[in-house]
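J.: Okay, structure incoming, though there's no sequence with it:
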């Protein structure tokens with residue numbers, strides 16, 4: 001089943017984040033993201049060369065931003081299931097393991113709760129075509 005216009009993406013990015021992702025791709029090649037669940041770098045979207053972060057059974061593929069896969073830990077996915085993650089970028093130093101650090105920028109996750117109609121469309125879509133969970 002293909003995603004229709006009324007089914008919202010689970011993860012999106014602001015224009016500023018897309019611009020930074022494109023710059024990082026030009027430097028590092030294909031990228032991937034993982035929404036950190038805390039620990040060393042707090043709870044931040046971490047950007048890596050594609051394949052450098054090993055995902056496992058406890059990771060959920062939320063979608064792609066700028067053709068870059070975006071993963072989140074299953075426990076965090078369950079907690080944020082009802083929200084759309086919006087990846088943004090701000091000035092400052094972020095996680096020391098994430099590729100954007102040398103640019104003087106850091107990725108930041110914002111979120112918004114799906115509307116009732118969006119939530120219903122998303123549930124119907126995922127029942128027919130489950131996300132990687």
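T.: Yes, it's here. Computed from a prediction, not measured in an experiment: that's the story for all the values here.

J.: what comes into contact with stretch 27-38?
T.: With C-beta atoms under 8 Å, 6 or more residues apart in numbering as the contact definition, stretch 27-38 has outside contacts at 21, 24-25, 42-53, 55, 59, 62, 65-73, 75-76, 85, 87, 95, 99, 107, 109. Every C-beta, even on glycine, is put in place using the N, C-alpha and C of the backbone.

J.: Any idea what the spatially most central residue of the chain is bridged to?
T.: In the chain, the C-alpha nearest the mean C-alpha coordinate belongs to residue 70, at 4.1 Å (C-alpha atoms, centre = their mean). Bridge pairing for residue 70 (DSSP bridges) gives the partners residue 33, residue 63.

J.: That one contacts residue 64, doesn't it?
T.: Yes: if you go by C-beta atoms under 8 Å, residue 70 and residue 64 touch, sitting 6.3 Å apart.

J.: Pull up the overlap in contacts between those two.
T.: Shared contacts of residue 70 and residue 64, defined by C-beta under 8 Å, 6+ apart, comprise residue 11.

J.: where in the protein is pLDDT low?
T.: Applying pLDDT under 70 to the chain flags residues 1-4, 36, 38-42, 94-95, 130-133.

J.: Now do the strands in it.
T.: 11-13, 31-35, 45-49, 59-65, 68-73, 83-91, 105-113 (DSSP state E).
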